[in-house]
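Peer 1: Fold the following and give me the result.
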Amino acid sequence: MAVVGVLDSLAAEERWLYPGFLAMYAAIYCVGQLALLRRWAWPLRLDGASCLISLAHGTPAALAAAGPILALPPEARGFAAPNTRFQDHVLDYSFAYFTMDLLHYLAFLPGDTLFIAQHVATLFVFVTCRYLVRHGAYALLVLLVLAEVTSLLQNVWTLAGIWRAEKPAAARVYRGAVAALLLHLHRRQGRRRPALLPQDEPLLPVRPGRRRHPVVGAHFLDRRRRHRHHGQQPVDLEPLEGALQRTEAEHDEEKHVGVSSNHAVA
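Peer 2: Below is the predicted model of the structure:
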């Protein structure tokens with residue numbers, strides 16, 4: 001009920017909320033850099049502070065966007081539908097996050113041009129939808145929900161991967177919950193393959209000499225890349241290789257049993 005009350009009050013709010021959202025993300029970032037993560041090595045503090053503002057953005061934005069999306073009548077769905085006040089607030093919330101994270105990259109990681117370009121392109125889409133055409137928020141928020149649905153786990157994975165050498169609890173989170181998610185995605189990848197993707201094209205990244213493994217979110221790959229820039233070890237996936245191989249073996253066995261059953265029936 002508290003969440004519903006917050007959403008209702010946000011929908012009724014007429015003020016421009018972008019400056020307040022940006023100040024909130026800046027405060028979270030500074031608290032992370034100067035207080036919570038002050039004992040971490042500098043490159044890891046950069047990753048940690050970025051994860052903190054991503055945690056503040058991802059799940060709240062997905063939840064805030066999902067409710068109104070489902071509640072919209074059919075005629076209000078689509079690119080031609082004008083933005084509602086609540087949709088504009090959600091766009092401002094995400095706009096502020098991407099602004100803060102872009103400033104973080106420009107200040108401390110200016111060489112990561114690919115991620116900076118991705119943020120600039122995202123901000124262009126948000127600015128166009130929110131302030132220029134004032135239409136199309138429904139479609140953009142659907143993409144936002146899909147993009148942020150695994151944000152919480154991805155950020156927890158990254159932070160636990162950094163912290164696991166010092167905190168046994170972080171190591172358990174890293175090996176347990178995230179491994180379960182990876183196995184779940186791995187088992188489901190064949191059933192949810194996009195129709196336009198060639199069947200011989202792998203959905204998951206493949207390292208030379210190793211079997212493919214799933215990765216949660218594009219941000220994870222970028223954080224692995226930044227670890228390499230700073231001379232740090234990327235988040236280790238080796239403990240999951242055996243489990244993933246066992247899962248593939250189970251799939252192969254299930255397929256073999258299914259084919260044998262079909263031949264027997266025939």
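Peer 1: Could you list the low-confidence segments of the stretch 1-150 of the chain?
Peer 2: Scanning the stretch 1-150 of the chain with the threshold set as pLDDT under 70 gives 1-8, 10-13.
Peer 1: And the helices in it, which stretches?
Peer 2: 2-12, 18-31, 42-71, 85-108, 113-127, 137-148 (DSSP state H, counting those that start in this stretch).
Peer 1: Adding mean neighbour count and distance to Thr158 as columns, could you present these in JSON lines?
Peer 2: Placement of C-beta: from N, CA and C, glycine included. Below are those laid out as JSON lines (neighbours: other CB atoms under 10 Å; distance: least, CB to CB, whole Å):
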{"stretch": "helix 2-12", "mean neighbour count": "11", "distance to Thr158": "26"}
{"stretch": "helix 18-31", "mean neighbour count": "16", "distance to Thr158": "16"}
{"stretch": "helix 42-71", "mean neighbour count": "19", "distance to Thr158": "5"}
{"stretch": "helix 85-108", "mean neighbour count": "20", "distance to Thr158": "14"}
{"stretch": "helix 113-127", "mean neighbour count": "14", "distance to Thr158": "14"}
{"stretch": "helix 137-148", "mean neighbour count": "19", "distance to Thr158": "15"}
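Peer 1: Nearest approach to Ala160 belongs to which of these?
Peer 2: helix 42-71 (10.3 Å; CB to CB).
Peer 1: What is the closest one packed up against?
Peer 2: Secondary-structure packing of helix 42-71 (3 or more CB pairs under 8 Å, 6 or more residues apart in numbering; DSSP states H and E): helix 2-12, helix 18-31, helix 85-108, helix 137-148, helix 151-163, helix 218-229.
Peer 1: what sits up against the fourth one?
Peer 2: Looking back up the chat, that one is helix 137-148. 57-59, 61-62, 65-66, 68-69, 72, 76-79, 81, 83-84, 87-88, 90-91, 94, 125-126, 129-130 (CB atoms under 8 Å, 6 or more residues apart in numbering).
Peer 1: Give me the angle between that helix and helix 85-108.
Peer 2: If you take axes from the mean of the first three to the mean of the last three CA atoms, to 10 degrees, helix 137-148 sits at 50 degrees to helix 85-108.
Peer 1: pull the CA atoms of helix 137-148 into PDB?
Peer 2: Listed next in PDB are the C-alpha coordinates belonging to helix 137-148 (Å, rounded to 0.1, in the frame of the first residue of the first chain):
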ATOM      1  CA  ALA A 137       6.700   7.200 -23.500                       C
ATOM      2  CA  TYR A 138       4.700   4.000 -23.400                       C
ATOM      3  CA  ALA A 139       7.000   2.200 -25.800                       C
ATOM      4  CA  LEU A 140      10.100   3.600 -24.200                       C
ATOM      5  CA  LEU A 141       9.000   2.600 -20.700                       C
ATOM      6  CA  VAL A 142       8.300  -1.000 -21.900                       C
ATOM      7  CA  LEU A 143      11.900  -1.100 -23.100                       C
ATOM      8  CA  LEU A 144      13.000   0.400 -19.700                       C
ATOM      9  CA  VAL A 145      11.300  -2.400 -17.800                       C
ATOM     10  CA  LEU A 146      12.900  -5.100 -20.000                       C
ATOM     11  CA  ALA A 147      16.300  -3.400 -19.700                       C
ATOM     12  CA  GLU A 148      16.200  -3.100 -15.900                       C
END
